[in-house]
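Trainee: what shape does this take:
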Amino acid sequence: MSRRRHNRLSAGTRRAIAALAAAWALAMGAAASAATTPAAASDSLAVAGPRAELLALAERAADRYLADHAVAQPQLLTVIDYSLPSTEPRLWVIDRAHGRVLFRDLVAHGRGSGENYATRFSNQDGSLESSLGLFLTEDTYIGHNGYSLHLEGLEPGVNDRARERTLVMHGAWYVSAEFAREHGRLGRSWGCPALSPDVAPAVIDRIRDGSLMFVYARDPRWLAASRYLVASAPSAPAGASHTAAPR
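Mentor: Here you go, the predicted structure:
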């Protein structure tokens, strides 16, 4: 009797262990799926990218430039939406070949462009305003703001004085969610697209040496005149300033 009861208990224990093992394996599979699916979904353009209208403009500008020029990283496109407040992530680095968002981060505008919203833009040295339009990333260097990325402005009269003005991408201590909560906006640069020091090196290393960057705001004059947005558009006068409405 004791032996049979022991055997039945052992069989029951084995069945229970097998059931627990199966449940554990199922749970681990579900957990793995839950861990990977949101990450896979969250970097898709449809979920994490800029709004569709802006993406279409940025891709139109990039494609028109790429039709006549070769760049080292044609699949990459950085988009900055200065129609959004500085307290929201408004920079995206997009892998167009795979339809993925590689980075989505806060970015500062120039102090001459406004407070939380950037509404004024210039190509003029000393304006401390950000510039709009299409840029090409160039080489990196270590400067006053640390690891930085040179930008070449591709639109005459709109942003082609970027090198002269030293408009570069760099990290800045005043670009953080904590600063935004305390001050109601990010700190502001002298016109540069400044990023958080935590992400700036990774972003710079990914887009450096030959990828395109599209900087947008609701500026009717620029939108109507940009050579990469409007066919046969005239160039803006050198050093021209622009005023944009917030989104």
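Trainee: helix or strand right after the lowest-mean-pLDDT helix or strand in the chain?
Mentor: Sorted by mean pLDDT, DSSP states H and E, the helices and strands of the chain end with helix 2-42, the least confident at a mean of 42. Going down the chain from helix 2-42, the next helix or strand is helix 45-48, by DSSP states H and E.
Trainee: other SSEs contacting that next one?
Mentor: For helix 45-48, the elements it packs on are strand 100-105, judged by 3 or more Cβ pairs under 8 Å, 6 or more residues apart in numbering; DSSP states H and E. For glycine as for every other residue, the C-beta is placed from the backbone atoms N, C-alpha and C.
Trainee: distance between the strand it packs on and the chain's centre?
Mentor: Distance of strand 100-105 from the chain centroid (Cα atoms, centre = their mean, to the nearest Å) equals 5 Å.
Trainee: got the buried residues for it?
Mentor: Buried residues in strand 100-105, defined by neighbour count with 16 or more other Cβ atoms under 10 Å: 101-105.
Trainee: which other residues reach it?
Mentor: By Cβ atoms under 8 Å, 6 or more residues apart in numbering, the list of residues contacting strand 100-105 from outside reads 43-45, 48-49, 76, 89, 91-95, 195-196, 199, 202-203, 206.
Trainee: for stretch 205-214, same thing?
Mentor: Outside stretch 205-214, the residues that touch it by Cβ under 8 Å, 6+ apart are 57-58, 61-62, 65-66, 71-74, 76-80, 93, 102-103, 133-140, 149, 151, 193.
Trainee: one more pass at 6 Å, please.
Mentor: The contact list for stretch 205-214 (Cβ atoms under 6 Å, 6 or more residues apart in numbering) reads 58, 61-62, 71-73, 76-79, 93, 134-135, 137, 140, 149.
Trainee: give me the domain ranges for this structure.
Mentor: Split into domains by automatic domain parsing, the chain comes to 1-42, 46-243.
Trainee: among the ones you listed, show the one with the smallest mean pLDDT.
Mentor: Lowest mean pLDDT within the domains of the chain: domain 1-42, a mean of 42.
Trainee: just list whatever residues bridge to the residue nearest the centre of the chain.
Mentor: In the chain, the centroid-proximal residue (Cα atoms, centre = their mean) is Trp92; its distance is 1.9 Å. Under the criterion DSSP bridges, Trp92 forms beta bridges with Val79, Arg104.
Trainee: that one: what's it in contact with?
Mentor: Going by Cβ under 6 Å, 6+ apart, Trp92 touches 49-50, 79, 101, 104.
Trainee: next, format these as TSV and append distance to Ser189.
Mentor: Shown next, in TSV, are the contacts of Trp92 (distance: Cβ to Cβ, whole Å):
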residue	distance to Ser189
Gly49	24
Pro50	21
Val79	18
Val101	23
Arg104	19
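Trainee: out of the residues you listed, who's nearest Phe121?
Mentor: Val79 (16.0 Å; Cβ to Cβ).
Trainee: just to revisit the earlier point, which of the domains of the chain is buried the deepest?
Mentor: Mean neighbour count (mean count of other Cβ atoms under 10 Å) peaks for domain 46-243 among the domains of the chain, with a mean of 19.
Trainee: I appreciate the help and will end here.
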